[in-house]
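1. Return atomic coordinates for the entry below.
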Amino acid sequence: MRISELSRRSGVPSATIKYYLREGLLPPGRATAATQAEYDEAHLRRLRLIRALIAVRGLTVNATREVLSAVSEHEADMHQVLGLVLGARPVDTDEEPDHGPGTSEVNALVAQMGWQISEYAPARRVIAETLESLRSLDADCTWRTLLPYAELAQQTAVLDLDQLKDTDDSVARAERAVLLTVLLEPALLALRRMAQEHESAMRHGG
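-> Residues are numbered from 1 along each chain as shown. Sure, this is the predicted structure:
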């Protein structure tokens, strides 16, 4: 397809596609003339992933380039691909994993759940810092407080991954994973608030 068709099918303006080509995010098409090229379905899938990373997940062009490079390196490993595009795993693992305060509690939670979680997972630090913040406000919270929530999160993860079964293409799966994860998160928070309101009404309502 020509770049105009690629633009129409992807919803990305031609000028933006040309910018992605110049920045190396999108591989060049097959040259058909001095100033013309043709693109295929692989370009379309890649372009949709680029759009998801930049417009939905909010990555910079440079960060997107790094993620795409790492995805290309691990394209045959769907677990690695999903971890990279969702930010569950950092692109650069040359640095030592974080072993700051709260690490032992996070390890205990992970072990109790039987989860396989990378030492480099940014979520580890989030959980450790959250528990520290709660305790600094005199909230009596430990890693065991999070266990029921972790079990609910596990059920959500099953639903998330089940929705990626429709295609065997790793790039298409990665794009869909970004859309489902990032765009659904506000709705999941809203559902929690609605459920809290309902539960309060059932317990305390007139």
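
2. for this structure, what's the longest helix?
-> helix 170-204 (DSSP state H).

3. That one packs against which elements?
-> helix 41-51, helix 61-73, helix 78-86, helix 147-162 (3 or more Cβ pairs under 8 Å, 6 or more residues apart in numbering; DSSP states H and E). Just so you know, the C-beta spots here come from the backbone N, C-alpha and C atoms, and that holds for glycine as well.

4. Which one of those helices lies nearest to residue 4?
-> Counting by Cβ to Cβ, residue 4 lies closest to helix 41-51 out of the helices and strands packed on helix 170-204; the figure is 13.0 Å.

5. Report the angle between the closest one and helix 170-204.
-> 40 degrees (axes from the mean of the first three to the mean of the last three Cα atoms, to 10 degrees).

6. For the most centrally placed residue in the chain, list the residues it contacts.
-> For the chain, the residue nearest the mean C-alpha position is residue 86 (1.8 Å; Cα atoms, centre = their mean). Going by Cβ atoms under 8 Å, 6 or more residues apart in numbering, residue 86 touches 177-178, 181.

7. Going by distance to residue 101, which of those wins?
-> residue 181 (28.0 Å).

8. pretty sure the closest one contacts residue 163?
-> No - Residue 181 is not in contact with residue 163 according to Cβ atoms under 8 Å; the separation is 10.3 Å.

9. Who has more neighbours out of those two?
-> residue 181 (19 against 13; other Cβ atoms under 10 Å).

10. Let me know the next secondary structure element after the helix or strand of the chain with the lowest mean pLDDT.
-> Lowest by mean pLDDT, DSSP states H and E among the helices and strands of the chain is strand 30-33, with a mean of 86. Next in sequence after strand 30-33, counting helices and strands by DSSP states H and E, comes strand 36-38.

11. returning to that earlier point: turn the helices and strands packed on helix 170-204 into CSV, columns for distance to residue 7 and mean pLDDT.
-> Output for these, formatted as CSV (distance: least, Cβ to Cβ, whole Å; pLDDT from 0 to 100):
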stretch, distance to residue 7, mean pLDDT
helix 41-51, 9, 92
helix 61-73, 18, 91
helix 78-86, 23, 91
helix 147-162, 30, 95
